[in-house]
Structure formats: C-alpha cells, structure tokens
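In: I need the structure of the sequence given here:
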Amino acid sequence: NTADEGGGVYTTNNIGTSTWTNNVVQENTATYAAGVGFVNEPSLVFTNNTVLGNDAAKDGGNLYFYVVAGSVTNNVVAWSADGDGLVVDDTASATDTTFTYNDFYANLADDVSGYLTSADLAGFAGNLFVDPDLYAYSSDGDCSNDVVLPNGTSGLINAGDPTILDGDGSVSDIGAYGGPDNDIEDADGDGFASLID
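Out: The predicted structure follows:
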C-alpha cells in the first residue's frame, strides 16, 4: 500500500482500549507512519506483531506514535527502508508507553528516534537488537515470496515476555507467530515450526 499517512495501519482518537495482536505489516509506503501509526491512543496494547520493511519518506518507517499510552510487547520491528523503525513524536508517548521484549533490527536511519533513543529501549526489560533470523524474507515489494516465521535458530524463540506463553506452554516467541493466539506449532520439538519443517 502507498498512502500519505499510514500505509499499513493508521488509527486515531480511539476512546477505548485498542488491542493489536498477531499481525504482520510489511512493505508499505507513506509519507508518515508507513507501517503502523497510532495517534491519540489512550490505551494501546500492541503485542506479538511483526512489522517489516516499511518505507516512510519522513517519519515512522515501521511504527509512529503520537499521544499514545499503553504497552508494546513481543514485537519485531525490522528493516524499515527509511523513516526509522520507531518514531515517538512526543514526550507523553515516551513516558506513558512501555516497550518490552521487542526486537529492533537494521532500521534506517535508526531503530528509534524522536523522544526515545536506542539507549532508552535497551533500558526496558527484554528488548533485543538482533537479526530476527526469519525463514524467508526479502525486501522486494513482493510479500508472496516471504515466510516471516523465525527459524529454529532465531534469537526470537522463547525470548518474549515470560508472563505470556505460547500455545505449547513455553515462553512466548517474539513476533506475530508467538503468544497464546498463534496457530503455529513445533510438533516434533526440533525448534522448527511444522509449517516449514
């Protein structure tokens, strides 16, 4: 998708809890908030999502926050083509939102900018800055040739919030295929999901 604001997802002025779980938002373009943009969100829960390769000409390549309060947990934010991985555009969002057990990797120009820094993110529990090691991903504008499950060797496996469990009872994986609502299993226990085993 291509848009001025919110190439993938853009929400504003929600009055209740806004819950986003187990989504993949990939390779959208926009001037602002190319992947996911949240504006005036008083109660956001953003858990176990994968946001990859989105391209913003200005701010928010993968994620953009303005006047947001809530929690951002167990997400992959990687390979933004431009506009930074996460832009937190005000002090309220920086102080009223927790960013825990996420993986930020190889976002251009920075993993995070605005009113948060990478050092701030490193201060939150469990955040990683490692290659997600996905089964098959290429930033070529064609999502049909990608399988964005983590490999069995990925640092995302069992690296999520320990209070959130995967369907098999193990500690949640980081990304869209982790957490209790995912439908991916490792039936033979070798570290690779049955879908790609």
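
In: Please give the number of neighbouring residues around residue 106.
Out: Neighbouring residues of residue 106 were enumerated by other CB atoms under 10 Å; the total is 13. All C-beta atoms are positioned from the backbone trio N, CA, C, and that covers glycine.

In: Equivalent analysis for residue 107, please.
Out: Taking other CB under 10 Å as the criterion, the count of residues near residue 107 is 28.

In: List the residues that contact it.
Out: Contacts of residue 107 were listed using CB atoms under 8 Å, 6 or more residues apart in numbering, and they are 61-62, 77-80, 84-86.

In: can you check residue 8 too?
Out: For residue 8, counting by CB under 8 Å, 6+ apart, the contacting residues are 1, 25-26, 28, 34-36, 51, 54.

In: now swap in residue 68 and tell me
Out: By CB under 8 Å, 6+ apart, residue 68 lies in contact with 38-41, 44, 92-93, 96-97.

In: Rounded mean pLDDT for the helix or strand hosting it, please.
Out: When elements are defined using DSSP states H and E, residue 68 is found to belong to strand 63-73. Taken as a whole, strand 63-73 carries a mean pLDDT of 98.

In: tell me which residues in it are buried?
Out: By neighbour count with 16 or more other CB atoms under 10 Å, strand 63-73 contains the buried residues 63-68, 70, 72-73.

In: where in the chain is pLDDT low?
Out: In the predicted model, the chain carries pLDDT under 70 at residues 1-3, 183-197.

In: which residues of it fall in helices?
Out: In the chain, the helices defined using DSSP state H lie at 91-96, 118-123.

In: mind checking how far the last one is from the chain centre?
Out: Translated: helix 118-123. Here the centre of helix 118-123 is set off from its chain's centre by 16 Å, with CA atoms, centre = their mean, to the nearest Å.

In: who touches it?
Out: Residues outside helix 118-123 that contact it (CB under 8 Å, 6+ apart): 94, 99, 102, 104, 110-112, 127, 129.
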